[in-house]
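K.L.:
sequence unknown, structure follows:
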């Protein structure tokens, strides 16, 4: 079928060889870094809980981890669009090596205070924002356009596998052996990531804004550059709708997962292992979706991937609200995991296809900011709604919201609109700098 009839691009689905060595190193760096971050995420609450039973101090670690996403996601995107993205990722990784190394030594010697933990968490997550934005902005420059879906699938799959399946049991085991080991391993993964990023050849600095000299652009305020990215996103109906949806649906999803432990205990009669297996089900679905995502999207079209995904979201909330079967809810979480990966592949690939190179960092970081905002609101809202209206109330709210947004946006994601988006080229006036500046290949040379 042609693009117009399918509503998606002609996506390459033949293995990973076509993604190239530069992407392989970028993927390996991202996946290794995700493993280390996951280990620290598991170890930190265990460490704090081993020293205090104060729930405020324990929950404070989660708050400190989320705060940078609200404070620095938008200015981080400006930085990504101003400097060489590869060099920025290198700098972030080496700073994280030092920060995590200091914390690991402090834990080993018994000098790690809660304040130090909070400071390192804050620094690490600030770096993660910049690293992730830069990584997403680099993808269109290291793989051909026809393979963006496959590349994004591999990136999502690697992160899901390491953070949600490997890091949990491994982090818990390493912490039992010695509390400092997860942090030493985390520092090591950041070092490996930095080495791999250093092996990616080429220059990845976005060109100046069309119609302006580089020097003029550098003098523009951070607020002006954030506004430029935001205004561009607002004018793009498809990307704007997807950004709003992810923010809104993150509110209901995080509200749902915030009280899932109570549902598992009181309605499903599951213990700690059973509760953990619910998240494992979702992670397995996420990995499967990332592996087959490019082929499935090519077969069913991006239009129906989005539409069916919204219905899966509604189905998950309905199952959590009405079912007492752990098996049914486990399957619903598995299906949601598949949907989450497919949605991320479609959304990321469309953003990379449509966004001018000089705006990739800011548009990507705006999406991260909206998603993080939804998570923060949802985390607070879930407990409040459940306490006021009953344990299943957040799920009924999520079910109704998912149905309403499905109906409201159904026509936005029609085949013709999505097909046109896949055919549309980003602003040709903004490309990466010539490789002659560094002796590597042109940053956008392999982008078709």
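P.N.:
Now that the structure is in, tell me what you want to look at. Since the model is a prediction, treat every value here as computed from it, not as a measurement.
K.L.:
how close does the closest residue to residue 392 other than its chain neighbours sit to residue 402?
P.N.:
Residue nearest to residue 392 in three dimensions, not counting chain neighbours: residue 321, with 4.7 Å by Cβ to Cβ, 6 or more residues apart in numbering. (Each C-beta comes from the backbone N, C-alpha and C, glycine too.) Relative to residue 402, residue 321 is positioned 11 Å away (Cβ to Cβ, to the nearest Å).
K.L.:
In terms of neighbours, single out the busier of these two.
P.N.:
The neighbour count for residue 321 versus residue 402, taken as other Cβ atoms under 10 Å, is higher for residue 402 (24 against 20).
K.L.:
per-residue confidence for that one?
P.N.:
Looking at residue 402, its pLDDT stands at 91.
K.L.:
what's the nearest residue to it if we skip its chain neighbours?
P.N.:
residue 314 (3.6 Å).
K.L.:
can you give me the helices in the stretch 251-400 of the chain?
P.N.:
With helices called from DSSP state H, counting those that start in this stretch, the stretch 251-400 of the chain shows them at 260-266, 272-322, 326-354, 360-389, 393-409.
K.L.:
in the shortest one, what's buried?
P.N.:
Read that as helix 260-266. Neighbour-count burial for helix 260-266, counted by 16 or more other Cβ atoms under 10 Å, picks out 260, 263, 264.
K.L.:
Which of those sits closest to residue 232?
P.N.:
Of all the buried residues of helix 260-266, residue 260 has the smallest distance to residue 232: 36.8 Å, by Cβ to Cβ.
K.L.:
and the helix or strand where residue 190 lies, what does it pack onto?
P.N.:
Residue 190 is part of helix 181-198 when elements are defined by DSSP states H and E. With contacts defined as 3 or more Cβ pairs under 8 Å, 6 or more residues apart in numbering; DSSP states H and E, the packing partners of helix 181-198 are helix 20-49, helix 85-108, helix 167-177.
K.L.:
do that again at 10 Å, thanks
P.N.:
Where contact means 3 or more Cβ pairs under 10 Å, 6 or more residues apart in numbering; DSSP states H and E, helix 181-198 is packed against helix 20-49, helix 85-108, helix 114-142, helix 167-177.
K.L.:
From what I see, residue 352 and residue 367 are in contact.
P.N.:
No. Counting by Cβ atoms under 10 Å, residue 367 is not a contact partner of residue 352; they are 11.5 Å apart.
K.L.:
Touching both of these two, which residues are there?
P.N.:
Residues touching both residue 352 and residue 367 (Cβ atoms under 10 Å, 6 or more residues apart in numbering): residue 136.
K.L.:
pLDDT at residue 12, what is it?
P.N.:
For residue 12, the model assigns a pLDDT of 42.
K.L.:
quick one: the helix or strand harbouring residue 240 to helix 393-409, angle?
P.N.:
If you go by DSSP H and E, residue 240 is part of helix 237-258. Angle, helix 237-258 to helix 393-409, by axes from the mean of the first three to the mean of the last three Cα atoms, to 10 degrees: 170 degrees.
K.L.:
What are the buried residues along helix 237-258?
P.N.:
238-239, 241-243, 245-258.
K.L.:
do stretch 193-212 as well
P.N.:
193-194, 196-198, 200-209.
K.L.:
just these now: which is nearest residue 376?
P.N.:
residue 193 (26.9 Å).
K.L.:
who's in contact with the closest one?
P.N.:
Residue 193 touches 25-26, 28-36, 89-90, 92-94, 96-97, 131, counting by Cβ under 10 Å, 6+ apart.
K.L.:
okay, it: pLDDT?
P.N.:
95.
K.L.:
Contacts only, for residue 116.
P.N.:
102, 103, 106, 107.
K.L.:
Hmm, I typed the wrong one, I wanted residue 256.
P.N.:
Per Cβ under 10 Å, 6+ apart, neighbours of residue 256: 263, 316-317, 320-321, 378, 382, 386, 394-395, 397-399.
K.L.:
okay, now the closest residue to residue 311 other than its chain neighbours: neighbour count?
P.N.:
Nearest in space to residue 311, with sequence neighbours left out and distances taken as Cβ to Cβ, 6+ apart, is residue 406 at 6.2 Å. Counted by other Cβ under 10 Å, the residues lying close to residue 406 total 19.
K.L.:
cool, residue 318 as well?
P.N.:
So residue 318, with other Cβ under 10 Å, has 18 neighbours.
K.L.:
What of residue 173?
P.N.:
Neighbours of residue 173 (other Cβ under 10 Å): 12.
K.L.:
hang on, isn't it packed against residue 182?
P.N.:
Yes. Residue 173 lies in contact with residue 182 (Cβ under 10 Å); the separation is 9.4 Å.
K.L.:
If you count surrounding residues, which of residue 352 and residue 367 has more?
P.N.:
residue 352 (26 against 23).
K.L.:
ok, now which ones touch that one?
P.N.:
Counted by Cβ under 10 Å, 6+ apart, residue 352 has contacts 136-141, 143, 145, 148-149, 151-152, 360, 363-364, 426, 447.
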